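Asks: Just to be clear, the model below is a prediction. Sequence and coordinates:
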Amino acid sequence: MRTLALVLIFSNFVFAGGVTVAFNPTDPAVGPFPSDFMTAPDDTQKTGRRVNLPLPDCDQRSGDCQELTLINQLDGFNVQARVMVRFNGAIDPATLRSGVVLAWLDGSNRVTGINRVSWDPATNTMLAKPDGPLRQGLRYAILVTDAVKDPDGAPVIRDEGFQACIDQLIGGVYCTDISQAVALAGQVLPGVTVTGGSVFTTMTGTTLLEAARQMIDLSAPAFEPVATVPVREIRSLTVHAQVRTDGEKFQDVPFPAPPAILAVLGVDRIAFGTLSSPRMMSDQQVIPNTPTLDPLPKEIPQQKIAFHVLLPNTPMPAGGYPVLLAAHGLGDNRLAGPSVMAQSFAPKGFAIVALNAVGHGYGPESTILIGKDSGVQEVPAAGRGVDLDGDGAIGPTEGCVVLVPGAPVAIRDCVRQTAIDWLAMARAIKLGLDVDGDGRPDLDGSKMAFWGQSLGAFVGTLVTATSPDIPAAVLNVGGASGVETARVSLSLRPLVQSYLGLRAPALLNAFPDYDEQYVGRDEPVKILSVPGAADLKDVFERLEWIEAAGAPSTYAPHLMTAPLDGVPAKRVLFQFAIGDQTVPNPSNSLLVRCADGQAMTSIYRHDLARALRPELPANPHAYFAFLLDVNGAPISLAVLGQAANFVQSGENAIPDANYMVKPFFGLELFETPAVLPETTGFLQ
């Protein structure tokens, strides 16, 4: 039997007569890719394999090397894997979408097409994303068919090496897998000939969080009450925020509205406390990759997480108040966004629980100053911000966004660690929490729901998919992943530019602004013409892959359509706004699509609202919090009311929100889309 290498060396020279689909599984630049040929056996991984991509010259390409080193610790390929197919000559790019598919090798005979297709004429290479969500820990086949044509209309043909692989003359087990996939194609793709392909396995991204939840469920997270303050006594509410580690360390940040508004909104008391939670993060704010068969570290320290509960002024039911777990957005904190939710949830008798996400809420020495007629009460309120870069300052998100050479995890571990903290909170509530010290549990652990805004929606996707105790969630302006969001976000794009400027070697067209020739869903094939665009796409694909274990798109299929083991399907309402400049609509829509949640999506038409009220901000990302603006208040009341009514209803239906806005705007601003928006729609 000839070796695979020998056939591949000669195949490009001995085969003639047409454009062939390049086949060299030993070279990820030739592919097709991804390919299980680029993995190694590993019995410590859930998939039984570990990625094993070749490293470049690390002295010359240290950025690539650092990214690939992290990827080579994973047990499979990105759940939203990019498909790469190279040809030995030019083809008609318009035929690619009909000629390349992904076959599911799970016995379902399911086939997924491709979308967001780019063509690089310099290397005759196609780049594309799956047309629909893939699942973790499953095997797939990339099948290139003769529906792909060359510029003269002739079908592409097989490379000699691929033919030898199908005939199992080379390649061992890998070529056996390809041969079986080609045989399967005869059943699922009748009338076509497979001319190239590969077989690959997706990574198992949810294993760490699942294991952490199971560990937490066997424990009783330690709770310590700190203080309970009646809202009627509060005259001022200020965060004595630690913003530096040296010098003038503190800055007083007042509550964004008069504290008396809390009583008006139906809040009776604020109970402060701390809860123990497993800390998986290192001092560098990174959760190290671990083998997925046994993902928990041997020693896991506990950390105290500060939280508070807004207790409503309604009579407490016998089993305690129903609970809303409220998670704030990027750059926000537990006192701001979650307090807005009181407007709709407190009058319905919900207690609102809030904690800071990793890297938020200022530094660990922060306190809350509560002004009363009798004086100032100082309550410990350790924030979770850190001085990660050593400059003495604690930035508003420092410790959450980690996007530096050697650790380009983006928000992956911020989201995962915060999700673990919420799982500990849910467990503590389930066991019974006496947050106000009156000797009886105040929160009903059988009636919990999650609300998350922006970063909180990212976290909420993970928590809701993983926890069996949270039956419903409202995910407001969530996205598919941090990288997918930031690469086109007006607000977050500078973070990506910063990383591109730090990694080596420098990439073409990265500054003053980068152009990867981003291609949106259902757009015509994008012909790459900007120098360096293909290299930028490679970097973004690696960053997405590194982030995948904490990306909402990895968890979203498990919300409703494919629940994780031991976790029931959930009721989920997706809310987002047309023209969001922070989490753009393509990322919103991808999250919804991965969850198969289009029927449970409510879109706010900010384009229509702003055409009538140009005083509204151009960026509707925080449309839930437009309460203090006369033009925006009806919008906020509508979206908040919709969220509260959905949670309370117990039904899998979208409550009407238009009755709140139609009298003011004269038209309906909330809709369930017939087609999910795929362009950014940014407003000026």
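Replies: Received the coordinates, thanks.
Asks: ok, which stretches of the stretch 101-250 of the chain are helices?
Replies: Assigned by DSSP state H, counting those that start in this stretch, the stretch 101-250 of the chain shows helices spanning 160-166, 172-188, 207-217.
Asks: no wait, the stretch 401-550 of the chain
Replies: Using DSSP H, counting those that start in this stretch, helices in the stretch 401-550 of the chain cover 412-431, 455-466, 482-486, 493-502, 533-547.
Asks: Which strands or helices does the second one pack on?
Replies: Secondary structure elements in contact with helix 455-466, counted by 3 or more CB pairs under 8 Å, 6 or more residues apart in numbering; DSSP states H and E, are helix 207-217, strand 321-327, helix 412-431, strand 443-453, strand 472-476, helix 552-555. Yep, even glycine has a C-beta here, placed from its N, CA and C like the rest.
Asks: Can you list the strands that the fourth one pairs with?
Replies: In other words, strand 443-453. According to DSSP bridges, strand 443-453 forms sheet pairs with strand 321-327 (parallel), strand 472-476 (parallel).
Asks: And it, what's buried?
Replies: Across strand 443-453, burial judged by 16 or more other CB atoms under 10 Å covers 443-445, 447-453.
Asks: and of these, the nearest to P28?
Replies: Nearest to P28 among those: G452, at 36.4 Å, using CB to CB.
Asks: Could I get the contacting residues of the closest one?
Replies: Contacts for G452 (CB atoms under 8 Å, 6 or more residues apart in numbering) come out as 326-327, 458-461, 473-476, 478.
Asks: how about 6 Å then?
Replies: Taking CB atoms under 6 Å, 6 or more residues apart in numbering, we find G452 in contact with 327, 459-460, 475.
Asks: Turn those into TSV, including distance to I157 and neighbour count.
Replies: Shown next, in TSV, are these (distance: CB to CB, whole Å; neighbours: other CB atoms under 10 Å):
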residue	distance to I157	neighbour count
A327	53	32
V459	49	31
G460	49	32
L475	47	35
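Asks: Could you list the low-pLDDT ranges of the stretch 201-350 of the chain?
Replies: Applying pLDDT under 70 to the stretch 201-350 of the chain flags no residue at all.
Asks: Name the nearest residue to H240, sequence neighbours excluded.
Replies: T367 (4.6 Å; CB to CB, 6 or more residues apart in numbering).
Asks: Check the gap between that neighbour and T554 for me.
Replies: 37 Å (CB to CB, to the nearest Å).
Asks: Among these two, which residue is more densely surrounded?
Replies: T554 (29 against 19; other CB atoms under 10 Å).
Asks: so who does the more buried one touch?
Replies: 79, 205, 548 are the contacts of T554 under CB under 6 Å, 6+ apart.
Asks: What is the least confident helix or strand in this protein?
Replies: helix 4-14 (a mean of 44; mean pLDDT, DSSP states H and E).
Asks: where does this protein dip in pLDDT?
Replies: 1-17.
Asks: mind redoing it with 90?
Replies: Applying pLDDT under 90 to the chain flags residues 1-17, 169-172, 186-188, 256-257, 511-512, 628.
Asks: which stretches of the stretch 51-200 of the chain form strands?
Replies: 83-86, 100-104, 111-112, 114-120, 125-130, 139-145, 157-158, 194-201 (DSSP state E, counting those that start in this stretch).
Asks: any idea which of those is most buried?
Replies: strand 194-201 (a mean of 27; mean count of other CB atoms under 10 Å).
Asks: Return the list of helices and strands in contact with that strand.
Replies: If you count contacts as 3 or more CB pairs under 6 Å, 6 or more residues apart in numbering; DSSP states H and E, strand 194-201 packs onto strand 139-145, helix 172-188.
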